[in-house]
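Asks: quick one, what's the 3D model for this:
(chains A and B)
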Amino acid sequence: MFKKIMVPVDLAHFDVIEPSLQVVADQARHYKAEVCYVAVTSTVPGSVAHNPEEYQQKLEAFAQERAKVHGQPVSARVFTTPDPIAELDDVLIDAIDEVSADLVIMPTHPPKHLDVVIPSHGGKVATHTKASVFLVRPSQD
Amino acid sequence: MTNDNKAPEAAGPGEGIPAPEGPANLIDTDYVIGQDNIATTKLGVSLDLHGKVFTFSSLVILFFVIITLALQDQVEPIFNAIFSVLTGNLSWFFLLAANIFVVLSIVLIFTPLGKVRIGGAHATPDFSYAGWFAMLFAAGMGIGLMFYGVSEPLTHFGTAMGGTTVENGVRTDWSPLGAAAGNQDAAISLGMAATIFHWGLHPWGIYAVVALALALFSFNKGLPLTMRSIFYPILGERVWGWPGHVIDILAVFATLFGLATSLGLGASQASAGLSYLFGVPNTNATMVILIMGITAVALCSILLGVEKGVQRLSQLNMVLALLLLLFVIFVGPTLLIATGFFENLMSYLVNLPALSMPFGREDANFSQGWTAFYWAWWISWSPFVGMFIARVSRGRTVREFLIAVLLVPSVVSVLWMTSFGGTAIDQVVRDGFQGVQEAALELQLFVMLGQLPLTAITSFVGIVLVMVFFITSSDSGSLVIDSITAGGKVDAPKPQRIFWALIEGAVAIALLLGGGLTALQTAVITTGLPFTLVLLAACYAIVKGLTSEPKSV
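Replies: Numbering: from 1, shown residues only, chains lettered A, B, ... in the order given. Sure, this is the predicted structure:
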């Protein structure tokens, strides 16, 4: 049913994405889909990498690691934006078409009051794309 | 907006630090950006801050707000005394330093070093020319041009006409250079030259140096985007310790109080304009509402991000400013402005050596009270403007960058001053209309527009321009402060930006109601002195950094 799964990844906040990675592996195996790991970063040096190219290399290494886990083909793409915090959603929405993914799997937080001011990324992406979106909440226990 | 980056096949993942896009020369340091940061998620709000810089700058801000509010009468004379010592005794230092910045910037345009590309040889620009240029201008001086465009040429023209007065062997007049007593044409020419001098190459040279140094050390050398990175060639690894913290805290101080005081003064000016135009009562309540409104819009703009927020607002402002400029040119004395543009440009260039001479000045009041004051002002703003310019300038070559940051804005300043100041002077000398000269400083623009048709519309556009310039300043200022207090991270959580924007508004309101805005502004300008040293270091760093960069093809 799904051919290509896009997985937004933030290497700086690995703990946030970790729970959803198992879901990604299961779905990828189930649908025999390719997994495209996508990161959005600033052009300014950050904690993960000094520049987008270094980030790309780290992301590719990460993707290869994941390929060993789920055995499906992987790819990695870094997208840059001058303002990754504010423009993350828009970049991800464009990225879905750019990598032609038909399923997006990303972690999200439980609903909270602050969402009114700062909406969750997953929710925003889901309302603006034709692709299916699987939002993984942190485990309850 | 986005561009994908294919990693070079030769370099394996995780093996050392690869080059930025194309050849560049990274600085090899063990410092990891954000290593001193405190990251936490409390009450559902996530934070990621540089512990020391954030804590100390918050404390310094709190301390200064409290003492200026509580001990207003005591601190104001102290700040004033410090400042007059600075501009009086050290005016040569400010003038000399500013000359160095301009000369370096111009020289770099013509040397092969100008070919170096910010962000690596194959980096591509993040913004279009229009968006980029609009942001440079809005951040740099938009608001100032609105307020001094009319008043400064008029003032210099007036003092130059008055000629020199000497008491006890000391000149007591405020006119530039040797004045032009009674000679109207010469006084206009000198007045315009002096004004353009303060709004031309020198301020933009100051911004260019800071911005270029930051952009170079961040995008090409891989250091964090904070002021301390400029000092890396001098201090080495010590910039990650207290010397670096102090530089960053100072930058936060100058940026926040520079913005807060301008926001406060700007609100009083916008409020005066509204009362002049619509009879809105010019009270504290109006100003507080204005500050809250401006902060609220700035918050929306922050949430939208640089591309949809600041960039769009800046472009809107460029269009409005252009319309207002064209209106004044075509409805005002068109021919006079057209010829005046070239005459003033010539007059500026002819008088430039004398005006920028740091030593042996006879016009002490002018060179210390005006020029040194302006230089200290621009320099104290430079961390803010410089960091913002740096952040949006990736992908440009050094030459392109310097032409866009130094030459183009200077020419625009000449045109702006000629149009607004020239029209106002023309109203005085030809129509004998004294209204503008007699009006309060914040009303001079509106009184000048009042002599032209469609006053209601143009004055309204003027007020809107002032407010939008403040919104963009507040927005970009919050981005800059957030990035400095997050140890150079630009991807720190959003609530931090919101926090800083709110603090700016709150500090502005507190100082406006409690008094002390001007006292604090004096304090901000005194940060010009330490930052002049930072900028001189930046000059050294730029040359050193650029010579170790591969040229772009």
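
Asks: run through the residues of chain A sitting next to chain B.
Replies: Those residues of chain A that sit near chain B, judged by CB under 8 Å from any CB of the partner chain, are A:12, A:41-47, A:50-58, A:60-61, A:64, A:77-87, A:91, A:94-95, A:98, A:112-114, A:117-118. The way it works is simple: take the backbone N, C-alpha and C, and place the C-beta from them, glycine included.

Asks: are any of the residues you listed buried, and if so which?
Replies: Judged by neighbour count, with 16 or more other CB atoms under 10 Å in any protein chain shown as the criterion, the buried members of the residues of chain A next to chain B are A:12, A:41-47, A:50-58, A:60, A:77-87, A:91, A:94-95, A:98, A:114.

Asks: check which residues of stretch B:114-133 are buried.
Replies: B:114-123, B:125-127, B:131-133.

Asks: the strands in chain A, which residues?
Replies: Counting by DSSP state E, chain A has strands at residues A:4-8, A:34-41, A:74-80, A:103-107, A:132-136.

Asks: tell me what the last one is packed against?
Replies: The contact analysis (3 or more CB pairs under 8 Å, 6 or more residues apart in numbering or on different chains; DSSP states H and E) places strand A:132-136 against helix A:14-31, strand A:103-107, helix A:121-127.

Asks: what's the first helix or strand after the helix or strand containing residue B:86?
Replies: For residue B:86, the host element (DSSP states H and E) is helix B:72-110. On the C-terminal side of helix B:72-110, the closest following helix or strand by DSSP H and E is helix B:129-140.

Asks: let me know whether that following helix sits next to chain A.
Replies: No - Helix B:129-140 does not reach chain A (CB under 8 Å from any CB); its nearest approach is 10.3 Å.

Asks: ok and the residue in the stretch 101-250 of chain B nearest chain A?
Replies: For the stretch 101-250 of chain B, the nearest residue to chain A under the criterion CB to the nearest CB is residue B:222, separated by 3.3 Å.

Asks: distance of that residue relative to residue A:49?
Replies: Spatial separation of residue B:222 from residue A:49 under the definition CB to CB, to the nearest Å is 9 Å.

Asks: which residues touch the residue in chain A that chain B sits nearest to?
Replies: Of chain A, the residue with the smallest distance to chain B, taken as CB to the nearest CB, is residue A:86 at 2.5 Å. Residues counted as contacts of residue A:86 (CB atoms under 8 Å, 6 or more residues apart in numbering or on different chains) are B:302-309, B:494.

Asks: drop anything exposed from the residues you listed.
Replies: Here, 16+ other CB under 10 Å leaves B:302-307, B:309, B:494 buried among the contacts of residue A:86.

Asks: can I get those in TSV with secondary structure and pLDDT?
Replies: Formatted as TSV, the buried ones among the contacts of residue A:86 follow (DSSP: H, G, I helix; E, B strand; the rest coil; pLDDT from 0 to 100):
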residue	secondary structure	pLDDT
B:302	helix	85
B:303	helix	84
B:304	helix	83
B:305	helix	79
B:306	helix	76
B:307	helix	77
B:309	helix	80
B:494	helix	81
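
Asks: so which of these reach chain A?
Replies: Checked against chain A using CB under 8 Å from any CB, those yield the following neighbours: B:302-307, B:309, B:494.

Asks: what's the closest of those to chain A?
Replies: Within the set of these, residue B:305 lies nearest chain A; the separation is 2.5 Å, counting by CB to the nearest CB.

Asks: for the helix holding residue B:86, what is the distance to the chain centroid?
Replies: 15 Å (CA atoms, centre = their mean, to the nearest Å).

Asks: swap in stretch B:217-227?
Replies: The mean C-alpha position of stretch B:217-227 is separated from the chain mean by 21 Å, CA atoms, centre = their mean.

Asks: I'd like the average pLDDT over it.
Replies: Stretch B:217-227 comes out with an average pLDDT of 87.

Asks: ranges for the helices of the stretch 251-400 of chain B?
Replies: For the stretch 251-400 of chain B, the helices identified by DSSP state H, counting those that start in this stretch occupy B:284-305, B:311-331, B:334-355, B:364, B:373-392, B:398-402, in order along the chain.

Asks: need the least confident one among those, by mean pLDDT.
Replies: Looking at these, the lowest mean pLDDT belongs to helix B:364 (a mean of 82).

Asks: neighbouring contacts of stretch B:301-308?
Replies: Counting contacts by CB under 8 Å, 6+ apart, the residues outside stretch B:301-308 that touch it are A:81-83, A:85-87, A:117-118, B:1, B:127, B:309-310, B:313, B:391-392, B:471-472, B:475, B:478-479, B:494, B:497-498, B:501.

Asks: in chain B, which residue is closest to the centre?
Replies: Centroid-nearest residue in chain B: residue B:140, 3.9 Å away (criterion: CA atoms, centre = their mean).

Asks: buried sites along stretch B:323-331?
Replies: By neighbour count, and taking 16+ other CB under 10 Å as the criterion, the buried residues in stretch B:323-331 are B:324-325, B:327-329.

Asks: so where's the chain uncertain?
Replies: Let's take chain A. Using pLDDT under 70 as the threshold, the predicted model of chain A has low-confidence ranges A:140-141.

Asks: meant chain B, my bad for not saying
Replies: Per-residue confidence for chain B (pLDDT under 70) gives these ranges: B:1-30, B:34, B:40-47, B:141-142, B:516, B:551-553.

Asks: my guess is residue B:114 contacts residue B:406. True?
Replies: No - counting by CB atoms under 8 Å, residue B:114 does not reach residue B:406; the two are 11.7 Å apart.

Asks: for residue B:118, what are its contacts?
Replies: For residue B:118, the contact set (CB under 8 Å, 6+ apart) comprises B:212, B:215-216, B:219-220, B:393-398, B:401.

Asks: swap the cut-off to 6 Å and go again
Replies: Residues in contact with residue B:118, defined by CB atoms under 6 Å, 6 or more residues apart in numbering or on different chains, are B:215, B:219, B:393-394, B:396.

Asks: under a three-state scheme, what state does residue B:38 occupy?
Replies: When classified by DSSP: H, G, I helix; E, B strand; the rest coil, residue B:38 comes out as strand.

Asks: hmm, residue B:76 and residue B:519 touching each other?
Replies: Yes - contact status for residue B:519 versus residue B:76: in contact at 4.2 Å, counting by CB atoms under 6 Å.

Asks: give me the more crowded residue out of these two.
Replies: With neighbours defined as other CB atoms under 10 Å in any protein chain shown, residue B:519 and residue B:76 compare such that residue B:519 has more, 24 against 18.

Asks: and the more buried one, how far is that from chain A?
Replies: Here the distance between residue B:519 and chain A works out to 35 Å (CB to the nearest CB, to the nearest Å).

Asks: quick check: which element contains that residue?
Replies: helix B:517-526.

Asks: up against chain A, what does the stretch 251-400 of chain B have?
Replies: Counting by CB under 6 Å from any CB of the partner chain, the residues of the stretch 251-400 of chain B close to chain A are B:305-307, B:394.
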